[in-house]
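Novice: Here is a sequence together with a model predicted from it:
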Amino acid sequence: MLKFFYNAAPNPMKVALFLEETGLPYDPIPVDTRRGEQHAPAFTAINPNAKLPAIIDGDAVLFDSNAILLYLAEKTGRFLPGPGDAERGALLSWLMFVATGVGPFSGQAVHFRNFAPERVPYALKRYDYEARRHWRIIDGRLGQGRYMLGDDYTIVDMAVWGWGSRLTYMLGDDEVMTEFPNLDRLMHEIDDRPAARRAKEMTSKHAFKVKFDDAAMRALYPQIYAPDPD
């Protein structure tokens, strides 16, 4: 059975959604990053980068949520666009746009707003601007069709959902979705899917550490405690 290493962060949730949408049998294995479990040798043997999610599928070991989505979609033949170079090009372009732009800039925006040990005005301004700029591009794309790739619900929409469902928190703006009405529409539609509800329920079955104390900071951001370079 496929082993799925997860927590409740945006990237694992994308994969949880796919697994629930397809009904693939899997063994969910929680990894509590605030307790530092991602640094255990048994896990870094699976993902040397000590990040979630990861899967083991027979002989295949994969990490990075977008790589996992693409692997599972191609393996099952589910939630992919129709055949053709144009369709394949759009799939890869938008999936990688989420991977290299939307996710990193949104993640840095939330980090410098909520977790950095000091407020850095330039960092706050830069990552808020870049996160919003990337989300405007997503919203513009969704203004051209029901889903990211047109009429078909695909892994690109799942990748967007993982991050988009946290946007008000990440940008510290309860009204932010008014800037992105097409994204807001997609988030509500996916949230209403039974698979999305099951994916969210799965994370509540494990008592992940909630407190963000010094031990959690050391587990998640060890660079804060590293000596300054000469």
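Specialist: Perfect, thanks for sending it. Numbering: from 1, shown residues only.
Novice: quick check: domain ranges of this structure?
Specialist: In the domain annotation for the chain, the residue ranges read 2-78+197-224, 85-192 (automatic domain parsing).
Novice: can you pull out the helices in the protein?
Specialist: 10-22, 41-44, 65-76, 85-97, 103-114, 121-142, 155-164, 167-170, 181-191, 194-203, 214-220 (DSSP state H).
Novice: Check which helices and strands the longest one sits against.
Specialist: The criterion is 3 or more Cβ pairs under 8 Å, 6 or more residues apart in numbering; DSSP states H and E, and the helices and strands that helix 121-142 contacts are helix 85-97, helix 103-114, helix 155-164, helix 181-191. Just so you know, the C-beta spots here come from the backbone N, C-alpha and C atoms, and that holds for glycine as well.
Novice: can you redo those as a markdown table with distance to residue 66, mean neighbour count and mean pLDDT?
Specialist: A markdown table is the format used below for those (distance: least, Cβ to Cβ, whole Å; neighbours: other Cβ atoms under 10 Å; pLDDT from 0 to 100):
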| stretch | distance to residue 66 | mean neighbour count | mean pLDDT |
| --- | --- | --- | --- |
| helix 85-97 | 6 | 15 | 98 |
| helix 103-114 | 8 | 19 | 96 |
| helix 155-164 | 6 | 27 | 97 |
| helix 181-191 | 17 | 17 | 98 |
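Novice: Out of these, which is closest to residue 139?
Specialist: When those are compared by Cβ to Cβ, helix 181-191 sits nearest residue 139, at 4.8 Å.
Novice: Ends of stretch 202-212, what's the gap?
Specialist: For stretch 202-212, the first-to-last residue distance is 22 Å (Cα to Cα, to the nearest Å).
Novice: Give me the distance from it to the chain's centre.
Specialist: Stretch 202-212 sits 17 Å away from the centroid of its parent chain (Cα atoms, centre = their mean, to the nearest Å).
Novice: residues making contact with it?
Specialist: Here stretch 202-212 makes contact (Cβ atoms under 8 Å, 6 or more residues apart in numbering) with 6-8, 13, 16, 20, 28, 30, 32, 34-35, 115, 216.
Novice: Tell me where the chain is predicted with low confidence.
Specialist: By pLDDT under 70, the weakly predicted segments of the chain are 229-230.
Novice: what separates residue 222 from residue 36, distance-wise?
Specialist: Distance from residue 222 to residue 36, counting by Cβ to Cβ, to the nearest Å: 9 Å.
Novice: swap in residue 26?
Specialist: Note on residue 26: its distance to residue 36, by Cβ to Cβ, is 24 Å.
Novice: the more surrounded of the two?
Specialist: The neighbour count for residue 26 versus residue 36, taken as other Cβ atoms under 10 Å, is higher for residue 26 (20 against 17).
Novice: Can you name the residues that contact the more buried one?
Specialist: 1, 2, 3, 4, 19, 55.
Novice: list the contacts for the fifth one?
Specialist: Just to be clear, that refers to residue 19. 2, 4, 26, 72, 199.
Novice: which of those tops the neighbour count?
Specialist: residue 199 (26 neighbours).
Novice: ok, it touching residue 8?
Specialist: No - Residue 199 sits out of contact with residue 8 when judged by Cβ atoms under 8 Å, with a separation of 9.8 Å.
Novice: and for stretch 85-101, what are the contacting residues?
Specialist: Contacts for stretch 85-101 (Cβ under 8 Å, 6+ apart): 64-66, 69-70, 80-81, 134, 137, 141, 148-149, 154-156, 159-160, 163.
Novice: Noted, bye for now.
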